[in-house]
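*Asks:* based on what follows, work out the 3D shape:
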Amino acid sequence: MRENIFIAILLVIITAVYSLVLVNVYGNTKAAEDTAEYAAVSEDGVSPDEAAYLTEKGLPGETEGFWAAAAKGQAPADTDTKAEVKEQYVPEEQPVTAVQSYTIPEQVYHGDLLVRPSVSTDGLSAIKLWAEDKDDDEDEVAAPQPVNIIIDLDYNSDVDDTAALRVAAILDRMGRIRLKAAMASTGGDKVCKALHAQLSYDGYGSVPIGKAVQDVPGGSPYWDDLISHYFTAGDYRLYNSVELYKQVLRELDRQEKEKEKERKRYKEKFECKDDELPEELKEVEKLRIVTTGYLVNVAGLLQDPEGYSLVSRYVDSIWITGGIYLQGDDHNFVVTKACADAARYVLSASSVGLVFSSSASVENEDGNVIFCGSGIQYLDKNGTDPVAMAYRDYAKANNTSLVGGRNAWDPFCLWAASLTLEETNLHLEAVNMMIGDSGYNIISYELPPNCRIIRRNSTELGWYTAQLEGLINAGYR
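*Replies:* Below you'll find the model as predicted:
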């Protein structure tokens, strides 16, 4: 009798494990099929005239700061641009127009306006998934200084934006980044409220939200669910994205002016030169922009004279989720004419280095892709986590299964931009990118480089998946 009971229990366990394997395989297969359908391939390329027009002579900031360190595989270092900027009055309200002009604006600067600080929740301890195992007697290495980050999301066309926002919140808790603001590049108020709702759940409801400067149409099956559960009007702060970008950068400018006074006092007291100053006085604090959606806000910032000046001095680099490797139609570039124009403008007008997380960053040549979001769905037994909620809503609306996760385009780019290249097991590859009128892009190794793309040092995708899954799951409660 006991033997029969034991055999029955064993059969039940084997059946359950087999079912889970089938569900996981089906989920990954469906996600790969979704990806193939999602990225349509255009037959129109870039004309020779466009190629000549869009080709840059060199990489911005190639010999200093972020790029010099990245070329050596080191952590990015903040350096002074040493560019003198003439002070000139600029009206407070800058009209935001369509992104069509390709003339780089003159560098001008105006005024100070304090930005309200973002609020961090308590730090998480012992989450070092990317660190190599150490011997017990080995000295601890001090963590790098946190990176100031503004994340700019479409937060509508897919569900991986929610994963990227979760990764940002957790890295802030850990003291690895300072999340200064979150922008929406999709038009409308609802997307901003949904964005705020997720931030509120993760303890970051006071992070200011930027509304898109272009009315790029969009919609999402998870907006209403997130808003109904977690939107809190009391700490909701909504701004025009370009104005919010400038507010955050003005605060860095204010801090730099205070530091300049300290430099002057120090040099007078100790009668020393600039190169003899303490390191903390030499450093110019900078910021990194990470975009996971459309580039309309960043293009608007670069078109704004004050914005362009502030970017030149206080942004070390712009990391962009987008670009098909080696050529094709990327959703973020082609969804509307305004998005295509914005991508072309940022590529041609940026005064700082651009890093693209292209299709090659998250998938192998055999088509295998880095996925994420599987673990949080498994953990969320009560159906209360907004990231898991968004994955389920998205899967239901698209009649698919995301049990195995979803392509990790957006969280991967945010993660790569936030940590050092050594920690992420990545390197940056200098390439030339061209973007045509329709948004169709071509990546070339033959033409002079005008940007870099993220490349993995390993084809073993499981390690990268584990990093993202660990960070996403750390937000579950």
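*Asks:* what's the neighbour count on the residue lying closest to Trp415 once chain neighbours are set aside?
*Replies:* Once flanking residues are discounted, Trp415 sits nearest to Val167: 5.6 Å by C-beta to C-beta, 6 or more residues apart in numbering. From N, CA and C alone the C-beta is placed, and that goes for glycine too. Counted with other C-beta atoms under 10 Å, residues neighbouring Val167 total 29.
*Asks:* okay, Val167: pLDDT?
*Replies:* For Val167, the pLDDT comes out at 98.
*Asks:* quick one, phi psi at it?
*Replies:* Main-chain dihedrals, Val167, degrees, to the nearest 10: phi -60, psi -40.
*Asks:* residue contacts, Leu301?
*Replies:* Leu301 is in contact with Ser241, Val242, Tyr245, Lys246, Gly307, Tyr308, Val311, counting by C-beta atoms under 8 Å, 6 or more residues apart in numbering.
*Asks:* just the element for the nearest residue to it once chain neighbours are set aside, please.
*Replies:* Nearest residue to Leu301, sequence neighbours excluded (C-beta to C-beta, 6+ apart): Gly307, at 4.1 Å. For Gly307, the host element (DSSP states H and E) is helix 305-314.
*Asks:* helix or strand right after that helix?
*Replies:* strand 315-321.
*Asks:* so what secondary structure elements neighbour the helix or strand just after that next one?
*Replies:* Heading C-terminal from strand 315-321, the first helix or strand you meet, by DSSP H and E, is strand 327-328. When contacts are defined as 3 or more C-beta pairs under 8 Å, 6 or more residues apart in numbering; DSSP states H and E, strand 327-328 packs onto strand 441-444.
*Asks:* for the helix or strand that the strand it packs on is followed by, packing partners?
*Replies:* Following strand 441-444 in sequence order, the next helix or strand is strand 451-456 (DSSP H and E). Contact partners of strand 451-456 among helices and strands, from 3+ C-beta pairs under 8 Å, 6+ apart: strand 353-357, helix 359-362, strand 426-435.
*Asks:* what's downstream of the shortest one, the next helix or strand?
*Replies:* Which is helix 359-362. Using DSSP H and E, the next helix or strand after helix 359-362 towards the C-terminus is strand 371-372.
*Asks:* output the below-cut-off pLDDT ranges for the stretch 51-200 of the chain.
*Replies:* 51-142 (pLDDT under 70).
*Asks:* mind doing that once more with 80?
*Replies:* Along the stretch 51-200 of the chain, the parts satisfying pLDDT under 80 run over 51-143.
*Asks:* so Glu262 touches Glu283, yeah?
*Replies:* No. Between Glu262 and Glu283 there is no contact under C-beta atoms under 8 Å: 11.7 Å.
*Asks:* circling back to that earlier point, what's the farthest-apart pair in the contacts of Leu301?
*Replies:* Ser241 and Tyr308 (15.0 Å; C-beta to C-beta).
*Asks:* these two: which is more packed in?
*Replies:* Ser241 (28 against 21).
*Asks:* what about the more buried one, distance to Ser401?
*Replies:* 35 Å (C-beta to C-beta, to the nearest Å).
*Asks:* more crowded one of Glu262 and Glu283?
*Replies:* Neighbour count, other C-beta under 10 Å: between Glu262 and Glu283, Glu283 has more, with 16 against 13.
*Asks:* ok, and the nearest residue to Ala299 once chain neighbours are set aside, which helix or strand is that part of?
*Replies:* Excluding its sequence neighbours, the residue lying closest to Ala299 (C-beta to C-beta, 6+ apart) is Ala342, at 3.9 Å. Using DSSP H and E, Ala342 sits in helix 337-349.
*Asks:* just the buried positions in that helix, please.
*Replies:* By neighbour count with 16 or more other C-beta atoms under 10 Å, helix 337-349 contains the buried residues Ala338, Cys339, Ala340, Asp341, Ala342, Ala343, Arg344, Tyr345, Val346, Leu347, Ser348, Ala349.
*Asks:* surely the fifth one is in contact with Gly293?
*Replies:* No. With contact defined as C-beta under 8 Å, Ala342 does not count as touching Gly293 (10.5 Å).
*Asks:* and for these two, which residues touch both?
*Replies:* Contacts common to Ala342 and Gly293, judged by C-beta under 8 Å, 6+ apart, are absent.
*Asks:* next, count neighbours for the residue lying closest to Tyr314 once chain neighbours are set aside.
*Replies:* Closest residue to Tyr314 apart from its sequence neighbours, by C-beta to C-beta, 6+ apart: Leu252 at 4.5 Å. Leu252: 20 surrounding residues under other C-beta under 10 Å.
*Asks:* what does Tyr325 give?
*Replies:* Counted with other C-beta under 10 Å, residues neighbouring Tyr325 total 18.
*Asks:* next: Ala408.
*Replies:* The burial count assigned to Ala408 is 28, neighbours taken as other C-beta under 10 Å.
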